[in-house]
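J.: Requesting a structural model of the entry that follows:
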Amino acid sequence: MEQTLKNVPQIARKIITLLFLFFVIFISSACGASSEVAPPASAEPPTSTEIPTETPTPTLGPVALTASCVKEGGHIYCIGEEMPVVTGAPDLYGQQISFSPEFFCASDLDIRLCKAATEAFLLAAKEWGNYGPVEYWIMGTDEAAGDSMVDVFCNRRSERNDDDFNECIKHEGTFGDHGMNSYRELGAQWLEEKSAASTMGHNGGRHFNYHKYTSSVPWGFDNSYDLEGQQSAAGEQKTVFHEYFHTIQHSALLTQDWYERDEGMKPRWFTEGGAEFMAQVATARLRSSDAFTSSEIAGQGSFDFNQEMQNALFAAKESFKSCGGDLSDTGYGAKCDSYGAAYAGGAWAHAYLSHTYGSDVLLEVFYPNREAMGFEGAFMHTYGQTVEDFVTEFNEFLKLPLDQQMEILPQA
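T.: Residues are numbered from 1 along each chain as shown. Okay, the predicted model is just below:
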């Protein structure tokens, strides 16, 4: 979960960019998290009340790149064109599947926004493999529309997972604790302030055999909003790729134990930095081949990979200098708990690892061994060094001249 940086070549504007980055993006990272969100009391892993659903043998079909969207009562519903959707709650977690991700958008949003977000997610699934099942809930700013979304969600959980409807309403309808209504309230607040801030995140779902995403308005897919620092559609597409990569990371953890899953998504710099770097690289390459499309209402603006990564490098260096720490200090509540340290610093750590050990080892070696070996073991197995030794090595890399740092980046 993160926000985009703007292309600002001048020194003074870089400083402004960093200030904007810390104000807008850090707020976002504080509001939604990609680590496993603790389920409410009503959503504890079901035991005797769980609805048994036979797990089918998955047969992989093509991932559509065009979304089909319809207005259904109090919400908008989008899926990959001609792709099947999962029924019931089969345990397909950790597998590549042929089922479409399902997008639910509030009725006060433009259907073209929902379609654009879905198609970016489909392209990410095409890029890295279609893991799921996924439900992606995009909240608007209207209170009634938000309440309707919560009703749809809780009815779905009741019917599919035997979850208590009233307890679901209580959790999702309140502000805070990653409830769905908190995303709507934040979006409404930012709209009133004319701020382009947004927040989104992977909010659990393993105990019900799916990946749950919740998002405030991704403003860059609709330029009709009067906001300062309006995001571009290209920036939103990168953000969607970042979020989809969390699907892959969570899919590497099959346990349903909440605490084991929460630990499995640590350290923060590796998880968030990996999602950010992989999203930056993939979207830059796909953009160069004109793989992305955008609607007539999409926010305009360039999104240059090298400039984005340079801005991230400046943010990381400044953050580590300010906090007096390094990657090992980027956990929540730690002295370097900031976007610049965890996300930007983590992205550059992955750039360094990818350059040194190859771009394929993260997906082909690390994550297949993550759960069985633990983070330290999988890291040693993949990169041939301890995490502590790597952090020391990376600290030295951050001292190099800018041109030597930038030259390790892959070319789109």
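
J.: buried set for the lengthiest helix in the chain?
T.: Secondary structure of the chain per DSSP state H: the longest helix is helix 268-288. Of the residues in helix 268-288, 268-284, 286-287 count as buried by neighbour count, 16 or more other Cβ atoms under 10 Å. Every residue, glycine included, has its C-beta placed from N, CA and C.

J.: can you map out the strands along the stretch 1-150 of the chain?
T.: For the stretch 1-150 of the chain, strands defined by DSSP state E, counting those that start in this stretch occupy the ranges 67-72, 75-80, 102-106, 134-138.

J.: can those strands go into TSV with extra columns for mean pLDDT?
T.: Putting the strands of the stretch 1-150 of the chain into TSV (pLDDT from 0 to 100) gives the following:
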stretch	mean pLDDT
strand 67-72	97
strand 75-80	98
strand 102-106	98
strand 134-138	98
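
J.: Switch the ones you listed over to a markdown table; also include distance to Ala233 and mean neighbour count.
T.: Shown next, in a markdown table, are the strands of the stretch 1-150 of the chain (distance: least, Cβ to Cβ, whole Å; neighbours: other Cβ atoms under 10 Å):
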| stretch | distance to Ala233 | mean neighbour count |
| --- | --- | --- |
| strand 67-72 | 15 | 15 |
| strand 75-80 | 16 | 24 |
| strand 102-106 | 16 | 25 |
| strand 134-138 | 15 | 24 |
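
J.: And the ones you listed: which comes nearest Ser294?
T.: strand 67-72 (13.0 Å; Cβ to Cβ).

J.: Tell me what angle that closest one forms with strand 102-106.
T.: 50 degrees (axes from the mean of the first three to the mean of the last three Cα atoms, to 10 degrees).

J.: Who are the packing partners of strand 67-72?
T.: strand 75-80, helix 111-128 (3 or more Cβ pairs under 8 Å, 6 or more residues apart in numbering; DSSP states H and E).

J.: For Thr330, find the nearest of those.
T.: Closest approach to Thr330 among the helices and strands packed on strand 67-72 (Cβ to Cβ): helix 111-128, 24.3 Å.

J.: For that closest one, what does the pLDDT average out to?
T.: Here helix 111-128 scores 98 as its mean pLDDT.

J.: what's the angle from it to strand 102-106?
T.: Using the same axes, to 10 degrees: helix 111-128 against strand 102-106 is 150 degrees.

J.: same for helix 111-128, what does it pack against?
T.: strand 67-72, strand 75-80, strand 102-106, strand 134-138, helix 233-251, helix 268-288.

J.: coming back round to it: could the helices and strands packed on strand 67-72 go into TSV alongside distance to Pro62?
T.: Below are the helices and strands packed on strand 67-72 laid out as TSV (distance: least, Cβ to Cβ, whole Å):
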stretch	distance to Pro62
strand 75-80	9
helix 111-128	9
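
J.: how about these, which one is nearest Thr247?
T.: So among those, helix 111-128 is nearest, using Cβ to Cβ, at 8.2 Å.

J.: Now do the buried residues in the closest one.
T.: For helix 111-128, the buried set under the neighbour-count rule, 16+ other Cβ under 10 Å, comprises 111-128.

J.: what's the answer for stretch 288-296, then?
T.: Phe292, Ser294, Ser295.

J.: The nearest residue to Gln96 once chain neighbours are set aside: how many residues sit nearby?
T.: Leaving out its chain neighbours, the residue that sits closest to Gln96 by Cβ to Cβ, 6 or more residues apart in numbering is Gly129, at 4.7 Å. Per other Cβ atoms under 10 Å, the neighbour tally for Gly129 reads 16.

J.: Now Gly129: phi and psi?
T.: phi 100, psi 140 (degrees, to the nearest 10).

J.: Please report how far it lies from Ala188.
T.: Gly129 sits 36 Å away from Ala188, going by Cβ to Cβ, to the nearest Å.

J.: now do Phe379
T.: Counting by Cβ to Cβ - Phe379 and Ala188 are separated by 42 Å.

J.: So these two - more neighbours on which side?
T.: Ranked by neighbour count (other Cβ under 10 Å), Phe379 and Ala188 place Phe379 first, with 21 against 18.

J.: Where does that one fall, secondary structure wise?
T.: Assigning secondary structure by DSSP states H and E places Phe379 in helix 367-383.

J.: Quick check, Gly173 in contact with Glu143.
T.: No - under the criterion of Cβ atoms under 8 Å, Gly173 makes no contact with Glu143, lying 10.5 Å away.

J.: When those two are compared, which one has more neighbours?
T.: Per other Cβ under 10 Å, whichever of Gly173 and Glu143 has more neighbours is Gly173, with 19 against 13.

J.: which residues does the more buried one contact?
T.: Asp147, Val150, Gly179, Met180, Asn181 (Cβ atoms under 8 Å, 6 or more residues apart in numbering).

J.: To what extent is the third one buried, counted in neighbours?
T.: Yep, that's Gly179 we're talking about. Counted with other Cβ under 10 Å, residues neighbouring Gly179 total 21.

J.: Next: the second one.
T.: Close neighbours of Val150, defined as other Cβ under 10 Å, add up to 21.

J.: what's the answer for the first one, then?
T.: Asp147 is surrounded by 18 other residues when neighbours are defined as other Cβ under 10 Å.

J.: hang on, the earlier thing: got the buried residues for the helix holding Phe379?
T.: Applying a neighbour-count criterion of 16+ other Cβ under 10 Å, one finds Tyr367, Arg370, Glu371, Phe375, Ala378, Phe379, Met380, His381, Thr382, Tyr383 buried in helix 367-383.

J.: likewise stretch 330-348?
T.: For stretch 330-348, by 16+ other Cβ under 10 Å, it's 330, 334, 336-348.

J.: Let me know the average pLDDT across the helix holding Phe379.
T.: Per-residue scores along helix 367-383 average to 98.

J.: name the helices or strands packed onto it?
T.: Packing partners of helix 367-383 (3+ Cβ pairs under 8 Å, 6+ apart): helix 258-264, helix 345-357, helix 387-397.

J.: Redo those helices as a markdown table? Include mean pLDDT and distance to Met309.
T.: What follows is those, written out as a markdown table (pLDDT from 0 to 100; distance: least, Cβ to Cβ, whole Å):
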| stretch | mean pLDDT | distance to Met309 |
| --- | --- | --- |
| helix 258-264 | 94 | 27 |
| helix 345-357 | 98 | 7 |
| helix 387-397 | 98 | 14 |
